[in-house]
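[1] no sequence on this one, just coordinates:
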C-alpha cells in the first residue's frame with residue numbers, strides 16, 4: 001500500500017503536469033486566438049485574429065476573425081469580418097451594415113439582428129441548445145457536469161494535501177454543531193450575494209462587490225469539496241480510513257447524485273451550504289483561546305489514526 005508521502009508526491013506531480021499543459025496550451029493559442037473565460041473581448045479595426053471563444057462577456061468584432069467566433073453568454077456585435085461561423089449560444093448577435101460573415105450564423109435563445117447591407121455567406125439557423133431533447137443540450141449538460149467534477153476533485157485533493165486539519169475541524173463542526181453549521185451556511189449563501197449586489201449599487205462599493213463575486217467561485221468549490229470529504233468519512237464509517245479514500249468516496253457519491261435532474265441540483269446546493277457552514281463554524285471555534293487543533297480522531301479500536 002502506498003505511503004501518504006508517496007500519494008502526496010503523486011498528486012503534486014499530477015497537478016504540476018496539468019498546470020504545465022494548461023500553460024503550454026495557452027501560449028500556443030495566445031498569438032492568434034482569443035479565448036476568454038469571463039470579461040468579454042474586443043477585436044479592434046485593423047487587427048486580425050484567429051478563432052474567438054468567449055464563455056461569459058460581450059464580444060465585439062471590428063477587425064477580422066479568420067476562424068470562428070463563439071459566444072456562450074454575452075451579446076456579439078460585428079462591424080468587421082468573420083471568415084468562419086458566428087455562434088451566439090444564449091444572447092443576441094448584432095451585425096452592422098458593413099458586417100461580413102463567411103460561414104453560418106447559428107444562435108440559441110435570441111434571434112440575431114442584421115442591419116441592411118450585412119451579409120452571411122452560409123445559413124442562419126436556430127440550434128435551440130437549451131432544449132435537452134436536442135443532442136447539443138445533452139452534450140452541454142454533460143460538459144458542465146464533467147467540468148464541475150474535475151474542478152471539485154482537484155480542489156478536494158488540494159484540501160487533503162494542504163489543509164487536512166481544516167477538513168477534520170469541519171467534520172467535527174458538522175458532528176457537534178449541526179444546527180449552527182446549517183444556519184451559518186444558509187446565512188452566508190444568502191447574505192454574501194445580497195451584500196455584493198448592494199455594494200455594486202454604489203460607486204465606492206463597486207470594487208468590493210466585484211471582489212466578492214470573483215471570490216465566490218473558489219469559495220463554493222472549497223465548500224462543496226469539504227462536504228464531499230465529510231460524506232466520504234461518514235460512508236466509510238472507519239476513522240482510521242485514509243483521507244484520500246474518504247475524498248474519493250464522498251466525491252463519487254455527490255457527483256453521481258448530480259446526474260439526477262432537479263434532485264441533483266438540490267443535493268449540490270445542500271452540500272455547498274453545509275460546507276460553507278462547517279468551515280465557518282470550524283474557523284470560529286479555532287479562533288478561541290485554547291481551542292484544540294484540527295487533528296484526526298482516534299480510531300475505533302483505540303489506536304491513533306494516521307497523521308495528517
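    Perfect, I can see it now. These numbers come from a predicted model, not from an experiment. Residues are numbered from 1 along each chain as shown.
[2] how close does residue 193 get to residue 167?
    Residue 193 is 25 Å from residue 167, where distance means C-beta to C-beta, to the nearest Å. The way it works is simple: take the backbone N, C-alpha and C, and place the C-beta from them, glycine included.
[3] who's more crowded, these two?
    The neighbour comparison of residue 193 against residue 167 (other C-beta atoms under 10 Å) goes to residue 167, with 26 against 14.
[4] check contacts around the residue lying closest to that one once chain neighbours are set aside.
    Of all residues not flanking residue 167 in the chain, residue 229 sits nearest, at 5.2 Å (C-beta to C-beta, 6 or more residues apart in numbering). Residue 229 makes contact with 156, 159, 160, 167, 171, 243, 246, 247, 250, 251, according to C-beta atoms under 8 Å, 6 or more residues apart in numbering.
[5] tell me the buried residues in the helix or strand harbouring residue 229?
    Taking DSSP states H and E as the definition, one finds residue 229 inside helix 206-236. Within helix 206-236, the residues scored as buried using 16 or more other C-beta atoms under 10 Å are 209, 212, 219-233.
[6] now the helix or strand hosting residue 191: mean pLDDT?
    Assigned by DSSP H and E, residue 191 belongs to helix 178-200. Averaged over helix 178-200, pLDDT sits at 89.
[7] identify each buried residue in stretch 71-85, please.
    Neighbour-count burial for stretch 71-85 [16+ other C-beta under 10 Å]: 71-72, 74-85.
[8] and that stretch, how far out from the chain middle?
    25 Å (C-alpha atoms, centre = their mean, to the nearest Å).
[9] can you list the domains in this structure?
    For the chain, the domain assignment from automatic domain parsing gives the residue ranges 32-126, 135-286.
[10] for the longest one, what is the distance to the chain centroid?
    If I follow you right, that is domain 135-286. Between the centre of domain 135-286 and the centre of its chain there are 12 Å (C-alpha atoms, centre = their mean).
[11] the first one now?
    The chain centroid and the centroid of domain 32-126 are separated by 25 Å under C-alpha atoms, centre = their mean.
[12] mind checking how far residue 124 is from residue 110?
    Distance, residue 124 to residue 110, using C-beta to C-beta: 13 Å.
[13] sketch out the low-pLDDT regions of the protein for me.
    For the chain, applying pLDDT under 70 flags the ranges 1-33, 37-38, 128-140, 238-240, 288-308.
[14] what segments of it are helices?
    Assigned by DSSP state H, the chain shows helices spanning 4-30, 135-162, 164-176, 178-200, 206-236, 243-257, 263-286.
[15] now distance to residue 67 too, for the ones you listed, in a markdown table please.
    Below are the helices of the chain laid out as a markdown table (distance: least, C-beta to C-beta, whole Å):
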| stretch | distance to residue 67 |
| --- | --- |
| helix 4-30 | 11 |
| helix 135-162 | 20 |
| helix 164-176 | 44 |
| helix 178-200 | 35 |
| helix 206-236 | 28 |
| helix 243-257 | 34 |
| helix 263-286 | 35 |
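[16] nearest to residue 120, out of these?
    In terms of C-beta to C-beta, the element of the helices of the chain nearest to residue 120 is helix 135-162, at 20.4 Å.
[17] mind giving me the packing neighbours of the closest one?
    Packing contacts for helix 135-162, counted by 3 or more C-beta pairs under 8 Å, 6 or more residues apart in numbering; DSSP states H and E, involve helix 4-30, helix 164-176, helix 206-236, helix 243-257.
[18] quick check: angle from that helix to helix 263-286?
    If you take axes from the mean of the first three to the mean of the last three C-alpha atoms, to 10 degrees, helix 135-162 sits at 20 degrees to helix 263-286.
[19] what angle do helix 206-236 and helix 135-162 make with each other?
    80 degrees.
[20] list the buried residues of helix 135-162.
    Of the residues in helix 135-162, those buried (16+ other C-beta under 10 Å) are 137, 140, 149, 152-161.
[21] let me see the contact set for the nearest residue to residue 251 once chain neighbours are set aside.
    In this structure, residue 251 finds its nearest non-sequential neighbour in residue 228, 4.3 Å apart by C-beta to C-beta, 6+ apart. Counting by C-beta under 8 Å, 6+ apart, residue 228 touches 152, 156, 247, 250, 251, 253, 254, 271.
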